[in-house]
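Peer 1: heads up, no residue letters with this:
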């Protein structure tokens, strides 16, 4: 199913959505190109959270990309798998938003949905591969 490849591409783009917020805050704070990481403590709290959301997005993406590729390679063809792929992308978008605006409970819920989506794809891939 091509949805797996599209969802990987969308998830890759979503990694950089929080970084746009960081870039905005850096521009307002005064960006120091000689020490970009040293200015982290000078960023407002929303930009610090955006940095953490950006970093976490890389971690979540690696697992999801592997899971979606497993589903693609093993030819998983079910509505459950399609929903899991789409749910991951939606959850990760909302995860970043909830992280930046500081709503921890909803952020954690989106993290759980994203993780469950990746786990679902891995599970379905293993079932498909053993048939």
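Peer 2: Structure received. Note that the structure is predicted; figures quoted are calculated from it, not measured.

Peer 1: For burial, what's the neighbour tally of residue 81?
Peer 2: Using other CB atoms under 10 Å, residue 81 has 25 neighbouring residues. (Each C-beta comes from the backbone N, C-alpha and C, glycine too.)

Peer 1: er, residue 110 actually
Peer 2: 23.

Peer 1: Would you mind giving the secondary structure of it?
Peer 2: What DSSP: H, G, I helix; E, B strand; the rest coil gives for residue 110 is helix.

Peer 1: List the residue ranges of the protein that fall below the pLDDT cut-off.
Peer 2: Counting by pLDDT under 70, the chain contains no low-confidence range.

Peer 1: Mind listing residues that contact stretch 84-104?
Peer 2: 3-4, 7, 10-11, 14, 17-18, 21, 45-46, 49-50, 52-54, 56-57, 60, 64, 68, 71, 106-107, 110-111, 113-114, 116-118, 120-121, 124 (CB atoms under 8 Å, 6 or more residues apart in numbering).

Peer 1: err, stretch 121-131, not the other one
Peer 2: With CB under 8 Å, 6+ apart, stretch 121-131 has contacts from 4, 64, 66-68, 70-71, 73-76, 78, 80-81, 84-85.

Peer 1: picking that back up, just the buried ones from the contacts of stretch 84-104, in PyMOL syntax?
Peer 2: Selection of buried members from the contacts of stretch 84-104 for PyMOL, criterion 16 or more other CB atoms under 10 Å:
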select buried, resi 3+4+7+10+11+14+17+18+21+46+49+50+53+54+56+57+60+64+68+71+107+110+111+113+114+117+118+120+121+124
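
Peer 1: returning to that earlier point: among the contacts of stretch 121-131, which one sits closest to residue 38?
Peer 2: Closest approach to residue 38 among the contacts of stretch 121-131 (CB to CB): residue 64, at 31.6 Å.
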